[in-house]
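Q: The following block contains a protein sequence and its predicted model.
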Amino acid sequence: MPLPALLLLVATLLPLASFVVLMFWGKRLGNPLAGYIGTAAIGASFVCSVIAMISWLGGGGSGEAHWEAGIKPIAISFPWIPTGLGISQQTAGYMDMGLYVDSLTVIMFAMVTLVSTCVHIFSIKYMEEDPRFPRFFTYLGLFCFSMLGLVIGGTILQLFVFWELVGLCSYLLIGFWWEKKSASNAAIKAFVANRVGDFGFLIGFGILFIYMGNASLPTLWRVLGSAGQGGDIAIAGGVVFPATMLTIMGIGLFCGAIGKSAQFPLHVWLPDAMEGPTPVSALIHAATMVAAGVYLVGRIFPILTPDAKMVVAIIGLITATIAALIALAQSDIKKVLAYSTVSQLGYMVLAMGLGSWMGALFHLITHAFFKALLFLGSGSVIHAAHHEQELPQYGGLWRKIPFTAGTFLVGVLAIAGFPFFSGYFSKDTILVHAAMFARSHAEAMHNSWYWLFFIIPTGIAYLTAFYMMRCWTLTFAGKPRNHHLHDHAHESPMLWAPLVVLAALSIFGGKISVQTMLRNTIRETAAICDTQGKYVGFDTAYQQHLPGEVESMETSPGEPAGETAAAGHPDDALESAHHLVLWYVTGAFLVGMGAAFAIFVRGYYYTDKLMQFAPFRAMHTFLRRKMFFDELYNSVFVGGVRMISSLCGAFDKYVIDMVVNAIGWAGRILASISGIYDKYVVDGAVIGSGKLAWSVGAVARGLQSGRLRGYVTIMLLSLAAGLVVAMALYLR
């Protein structure tokens, strides 16, 4: 096995080993040793991931050197269970299992293990007083193993197996404090919402399995890589994969991402997941569960049809919009960050639908850094404020916890798109690609509505800067609104280390080798798909550039020139789009953050005045109540289920029970008749026969006197009678 694959396999198994150790001996090890073991395991996984990345890049060389060296993705596959389906020559008729390692796998491993290590370190102090401390780290180990197994899996089936394991771990961790009714309800809500999405995933996987079997990812890309062009695909032996089924398959698989990555309409579970411990929130929102959905879309991107991609883009656009609006009115610090995550995930999904594969995954990586920083920063705030989470109770905390305030501000600047922070590069990439998509499609389709795919995300960038700066200002700036809380707030130095690391990555994360690794992934995947001259959607010019990197690149085989050049040369279109977006992103940072600070530096003074006007009060209530999605779902789905249950109960009571009772009543009548017949006929005959026998016996018994003379007399009389009868018969 090649060294990078071996290292990543070890990195996957180390958290599993910690899970096994803590499951059997965690209680005996106690606090904090159980936490140290779990942290050491994921820390060792991070070290293995870094060594694997260095090896993958060729001893620390550039990505170009890695590509020029001819290093290929590592695909290890073997047949597992015979099924009678499949098209692979080597594994036809079998369930394929195995590993797949490419540049995306390597960078995802580094991100997941790094963020998870920071979360583990933070949790040792944050959870030190919890009586179930060992159990918490036991669940974290299984959670990290599940996510890493998902990333390294070589088939859709393996991805689904670890996908479900991730869902189980999220259920256990969200409901970790199960004695709280809100926490147990949130865990159930997350589990049910994800099962709804997984139902669609299974439909898509079922369609794929019928035509392809459980083929490896490279096999899927090689055979179905032309799905991006639309139309039917000839598989093998005269079998054709219809375009309609391809679209349904893609949308079905994407339904799984709708659940895991909390996209509309299944977005309602993620904000409630804040009921779990804050480190769990950081892990779910940054590196594990929600990242799994976007990662899935990235892996199935080559086999998505244009119609499926449009559905993906629309869902992402709706999600990003409603989540950003709801975040404006939330008062719980973790709820603000939760809806921020939902909105940023909408950005990523939108980018996938628009064809910006690199932009989506680039933002996934950078978002993991600053969102983990923000959640751990909120955990530090909650820890300092004695577990108070409401923004109206904060204010002026920068004086009491300046280190948390500074690192939290770094996260806010990164997500708001402060120039040259990590979020600036990834968000700029998405908006540039959105501008090019809107321009090219508006001109090609003669429909200006395509510009909404650029205008709305740009507006959301302004909202993001606004509500994140609102969160920081209400927490750290201005005067204290709860003096008792403010006076007793204190900062724990034990929580600083992960905040420093994540703050540094939030600043410099856009400048490390993420772009290079993602560009290598495009080349590696396109090389697999293009073995048969297939078009996979990675070869569009704007997908192979990042803002500021306007350079000449050859188009890949099968590239439709009309799609790449909105006006003139593709590089010219890219450069003009980049300059256009640069002003919008910079404006979003300046206007959004400036307005939020000016409005909320005095707390709720200005907003309280606005609440005196009915339209503002109604709008605030609408957003604060999360657009009444919970109430809607409770009325439609929960209420609908209860109504159906009542109808079924009434049917059971008044129809089924009535029929059963009537049958029972008839049975009782027949039983009564049968009892009478049995008593007076059957029993009468039996008893009468017995009495007759008894009477005959009594008569016969009278003849039994016991005297020999009587017996001889009877015998002589009987003999005489017999002779008389005989003589009579003879004489006759």
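A: Received the coordinates, thanks.

Q: Strands of the protein, start to end?
A: 74-82, 94-101, 233-234, 240-241 (DSSP state E).

Q: in its sheet, what does the longest one sit against?
A: I take that to be strand 74-82. For strand 74-82, the paired strands and their directions (DSSP bridges) are strand 94-101 (antiparallel).

Q: List of residues touching the partner strand?
A: 2, 4-5, 8-9, 73-83, 86, 88, 152-155, 157-158, 213-219 (Cβ atoms under 8 Å, 6 or more residues apart in numbering). Quick note: C-beta positions are derived from backbone N, CA and C, even for glycine.

Q: on that earlier part again, deepest-packed of the strands of the chain, please.
A: Comparing those by mean neighbour count (mean count of other Cβ atoms under 10 Å), strand 94-101 ranks first with a mean of 22.

Q: And the residue nearest the centre of the chain?
A: Lys260 (1.9 Å; Cα atoms, centre = their mean).

Q: what's around Glu164, how many residues?
A: 16 (other Cβ atoms under 10 Å).

Q: Make 6 the starting number, not 1.
A: With the count now opening at 6, the last piece we talked about shows up as Glu169.

Q: Looks like it contacts Phe206 (just checking).
A: No - Glu169 is beyond contact range of Phe206, at 9.8 Å (criterion: Cβ atoms under 8 Å).

Q: re the thing from before, can you pull the contacts of the nearest residue to the residue nearest to the centre of the chain once chain neighbours are set aside?
A: Excluding its sequence neighbours, the residue lying closest to Lys265 (Cβ to Cβ, 6 or more residues apart in numbering) is Gly298, at 3.7 Å. Gly298 makes contacts with 261-268, 350, 354, as judged by Cβ under 8 Å, 6+ apart.

Q: what's near enough to touch the residue nearest to the centre of the chain?
A: 168, 171-172, 199, 202, 294-295, 297-298, 301.

Q: Show the contacting residues for Gln335.
A: Contacts of Gln335 (Cβ under 8 Å, 6+ apart): 341, 344, 629.

Q: one more time with 10 Å, if that's ok
A: 276, 341-345, 396, 472, 475-476, 628-629, 631 (Cβ atoms under 10 Å, 6 or more residues apart in numbering).

Q: same question, Arg714
A: Applying Cβ under 10 Å, 6+ apart, no residues contact Arg714.

Q: I'd like to know how far it sits from Pro78.
A: 124 Å (Cβ to Cβ, to the nearest Å).

Q: Just the C-alphas of stretch 622-640, formatted as PDB.
A: Only the C-alpha atoms of stretch 622-640 are listed here, as PDB (Å, rounded to 0.1, in the frame of the first residue of the first chain):
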ATOM      1  CA  ARG A 622     -41.900  44.700  15.200                       C
ATOM      2  CA  ALA A 623     -43.700  42.300  12.900                       C
ATOM      3  CA  MET A 624     -40.600  41.700  10.800                       C
ATOM      4  CA  HIS A 625     -38.500  41.100  13.900                       C
ATOM      5  CA  THR A 626     -41.000  38.600  15.300                       C
ATOM      6  CA  PHE A 627     -41.100  36.800  12.000                       C
ATOM      7  CA  LEU A 628     -37.300  36.400  11.900                       C
ATOM      8  CA  ARG A 629     -36.900  35.800  15.600                       C
ATOM      9  CA  ARG A 630     -39.400  32.900  15.300                       C
ATOM     10  CA  LYS A 631     -37.300  31.500  12.400                       C
ATOM     11  CA  MET A 632     -39.900  32.400   9.800                       C
ATOM     12  CA  PHE A 633     -42.300  30.000  11.700                       C
ATOM     13  CA  PHE A 634     -40.700  26.900  10.000                       C
ATOM     14  CA  ASP A 635     -41.000  24.900  13.200                       C
ATOM     15  CA  GLU A 636     -44.600  25.900  13.700                       C
ATOM     16  CA  LEU A 637     -45.300  25.100  10.000                       C
ATOM     17  CA  TYR A 638     -43.700  21.700  10.200                       C
ATOM     18  CA  ASN A 639     -45.300  21.000  13.600                       C
ATOM     19  CA  SER A 640     -48.700  21.800  12.100                       C
END
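
Q: and that stretch, average pLDDT?
A: For stretch 622-640, mean pLDDT is 93.

Q: In helices, which of the contacts of Gly298 fall?
A: 261-265, 350, 354 (DSSP state H).

Q: Quick check: Leu309 touching Ile256?
A: Yes - with contact defined as Cβ atoms under 10 Å, Leu309 counts as touching Ile256 (8.8 Å).
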